[in-house]
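Q: attaching a predicted model along with its sequence, questions to come.
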Amino acid sequence: MIPQHQLGALSPWLEVWGSGDGSWRPTVKATAAGCTPLGTAETSPGLTGCPAVSLGPALRRSEPGGKRLAVSCHARSMLRGPAAVWAALGPLLWACGLALRGGMLYPRESPSRERKELNGLWSFRADFSENRRQGFEQQWYRTPLRESGPTLDMPVPSSFNDVGQDRQLRSFVGWVWYEREATLPQRWTQDLGTRVVLRIGSAHYYAIVWVNGVHVAEHEGGHLPFEADISKLVQSGPLASCRITIAINNTLTPHTLPPGTILYQTDTSKYPKGYFVQNINFDFFNYAGLHRPVLLYTTPTTYIDDITVSTSVDQDTGLVDYQIFVEGGEHFQLEVRLLDEEGKVVAQGTGGRGQLQVPNAHLWWPYLMHEHPAYLYSLEVRLTAQTAAGSVSDFYTLPVGIRTVAVTEHQFLINGKPFYFHGVNKHEDADIRGKGFDWPLLVKDFNLLRWLGANAFRTSHYPYAEEVMQLCDRYGIVVIDESPGVGIVLVESYSNVSLQHHLEVMEELVRRDKNHPAVVMWSVANEPTSFLKPAGYYFKTLIAHTKALDPSRPVTFVTNSNYEADLGVPYVDVICVNSYYSWYHDYGHMEVIQLQLATQFENWYKTYQKPIIQSEYGADTIAGFHQDPPLMFSEEYQKGLLEQYHLVLDQKRKEYVVGELIWNFADFMTNQSPQRVMGNKKGIFTRQRQPKGAAFLLRERYWKLANETRYPWSAVKLQCLENSPFTL
Ligand code: GCB
């Protein structure tokens, strides 16, 4: 049992526990740790169906860090069985889930919008105090961080783990504190018609934000952006600068995504007092910090808050349905224009929703599927609002690709044509910066993808930076967009608290990525224990919710369960299967691969009649290890194993297999273990992006596949010419 005072130190939220008597008047048991009660309070049903929670004084005084209210149904209700619980709770949780408000448009400059990047060096301190709460007890956010103790220089964006020489910081679990001053242009602080927004691209895992000592935002989950309107704060005084403080906690629990657990070691003959480690069930290092750009941007006070675009095709005419959401005012007009790549207006409209028709539309095609892939139009939105101060305008331009996606019993169709995924799985991972966003790395990766002839990747195992998705749109690299639902293994991770959070994460992901033509499918999870009893309801709910959020794209999760036992696959549109024949079993016996792989495909297909993607396969390989005849970990073994897979894939892709994604694009860092030699070495490129032998093998294969599957069929052969491939 974990000592409660210590759990309290690490777990940043409160929970609301339902009484589960069916009437939904749950009592609130608030805990700073999910364990230690701070107080109780009665609740009453809210208007939206969400429980309106009124908190007792103990709770209102709750410690910093204890903020999030989650809805959970435990104990007594569970005794009555999941079905009864869900009959009562399901609709409520859905209603809560759908309550996510506001848009998350990527902050672009326009005549009405400015942006100021806050990347660079921030002040930093990890709270090594025993309960990790000294920062809250001493209110480090109140005054400049340097006044409460020593600070380090920390680059942003970057993970904090690998930039220093301190072993303890590398594996630190708990709260870390970031701070920097930002000087603001005078107009931002003096023009009350300007809205100033602070945007954080990704803070892993739980973040609390203060500006000039005032709490402005909180967010759970790395990998997705969040923001705070700080206009009032920066416009209320004589200051032309503001101090931004961000506290981040990388503690994972069974209910976070990804989940994790804290293990306290209490045997004092073996471990020092208070010793604990964080355990995870996923195979990558839990890098933490401010991983993506932090920036300030402006809009007018009446502004374009969100745009949703969905496209379809009627013969040669492209149809662009749009919906625009405005905040901050009631009286406004909206005009939209769609421009082609030459800047010519091809369609226009007015109002908050409508359909634009584009005769002879250039469709958005994947890389190597068409001679002009990735055609992007620009949707220019202009808002004119009447305010007390007169008329103001807001402008936002969104890239739009016109394309369709569909799934049949045995095909994945893009623009009505069969699409075969030949690509990779990636990680956001590199030396020193960890998961920190880095343009040179990103451009290198895209150059390698195109060199390889890859037309797709999966964002294994969490959403990637927005800039990555933008490049996919521009280059035609098709994306299976995955949530951080990786390592869902424990039965507690199927609880209602977990499901509620997972629903919210899917909302945040769809809200962020819905307009990217490159995104063709959502993946809600990777390798969950989908054979466990609660998995059926969990995935049914999660997938249905994701489809409700975005009816235009198929939804999947990636399985490694047995085809007869998997309780989630009945709900997916495409079956994504991971397998490691002759790697994690039958070690060294490549001769069994063909039989085992063919059986795998046949079993899944005969059970479900759905298209299948081989979503992972591969072998750890130490670059430079050679052995012939091949032995495990040599470059020859990696190539040999892939070749065996390819023999079967070449048969089954004529039937119902619609893709193959190698594990992995590049070597990446993991936790230390006897199975990992400074990380996972299944990359076809090293962590420094140099090719192993398998990269050349795959390159030959992918270009051959591209030539077989391109559209429109022409006599012209595709060839890779440095960075600008294409036809000869
Ligand atoms: C898997 C996981 C991936 C691991 C990989 C491996 O099935 O999805 O996260 O890294 O296997 O190399 O074991």
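A: Great, that's in hand.
Q: grab the nearest non-local neighbour of residue 510.
A: Take residue 510 and drop its neighbours on the chain: the residue closest to it by C-beta to C-beta, 6 or more residues apart in numbering is residue 549, 4.4 Å away. C-betas here are computed from N, CA, C, even on glycine.
Q: and the gap between that neighbour and the ligand?
A: Distance, residue 549 to the ligand, by C-beta to the nearest ligand atom, to the nearest Å: 25 Å.
Q: my guess is that residue contacts residue 504. True?
A: No - contact criterion C-beta atoms under 8 Å: residue 549 and residue 504 do not qualify, at 11.0 Å.
Q: please name the residues that touch residue 652.
A: 598, 601, 612 (C-beta atoms under 8 Å, 6 or more residues apart in numbering).
Q: the ligand contacts on the protein?
A: 283, 461, 526, 527, 560, 578, 616, 663, 680, 682 (C-beta under 6 Å from any ligand atom).
Q: what about the single nearest residue of the stretch 101-250 of the chain relative to the ligand, how many residues nearby?
A: Nearest residue of the stretch 101-250 of the chain to the ligand (C-beta to the nearest ligand atom) works out as residue 223 at 15.1 Å. By the measure other C-beta atoms under 10 Å, the count of residues near residue 223 is 28.
Q: show me which residues of stretch 391-405 are buried.
A: For stretch 391-405, the neighbour count (16 or more other C-beta atoms under 10 Å) marks 392-405 as buried.
Q: list just the nearest of those to the ligand.
A: Of those, the one sitting nearest to the ligand (C-beta to the nearest ligand atom) turns out to be residue 405, at 24.0 Å.
Q: is the closest one in a bridge, and if so with what?
A: Counting by DSSP bridges, residue 405 is bridged to residue 414.
Q: ok, it to residue 510 distance?
A: 15 Å (C-beta to C-beta, to the nearest Å).
Q: could you do residue 427 as well?
A: Look at residue 427 and residue 510: by C-beta to C-beta, they are 22 Å apart.
Q: between these two, tell me which one has more neighbours.
A: Taking neighbours as other C-beta under 10 Å, residue 427 and residue 510 compare with residue 427 leading, 26 against 21.
Q: so what's that one up against?
A: 284, 460, 461, 664, 665, 666, 668.
Q: tell me, how many residues neighbour the last one?
A: As a burial measure, the neighbour count of residue 668 was computed by other C-beta under 10 Å and equals 21.
Q: same deal with the second one?
A: Neighbours of residue 460 under the rule other C-beta under 10 Å: 25.
Q: go on, the fifth one?
A: Residues contacting residue 665 under the criterion other C-beta under 10 Å number 26.
Q: show me what contacts it?
A: Taking C-beta under 8 Å, 6+ apart, one finds 424, 425, 426, 427, 445, 448, 449, 457, 683, 684, 685 in contact with residue 665.
Q: highest neighbour count among these?
A: That'd be residue 683 among the contacts of residue 665, by other C-beta under 10 Å, with 31 neighbours.
Q: from residue 329, how far out is residue 300?
A: From residue 300 over to residue 329 the distance is 9 Å, taken as C-beta to C-beta.
Q: can you list residues touching both of these two?
A: Going by C-beta under 8 Å, 6+ apart, residues that sit against residue 300 and also against residue 329 are residue 385.
Q: turn the contacts of residue 665 into TSV, including distance to residue 490, pLDDT and secondary structure.
A: Converted to TSV, the contacts of residue 665 look like this (distance: C-beta to C-beta, whole Å; pLDDT from 0 to 100; DSSP: H, G, I helix; E, B strand; the rest coil):
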residue	distance to residue 490	pLDDT	secondary structure
424	29	98	strand
425	24	98	strand
426	26	98	coil
427	23	98	coil
445	33	98	helix
448	36	97	helix
449	35	98	helix
457	29	98	strand
683	29	98	coil
684	32	98	coil
685	33	98	strand
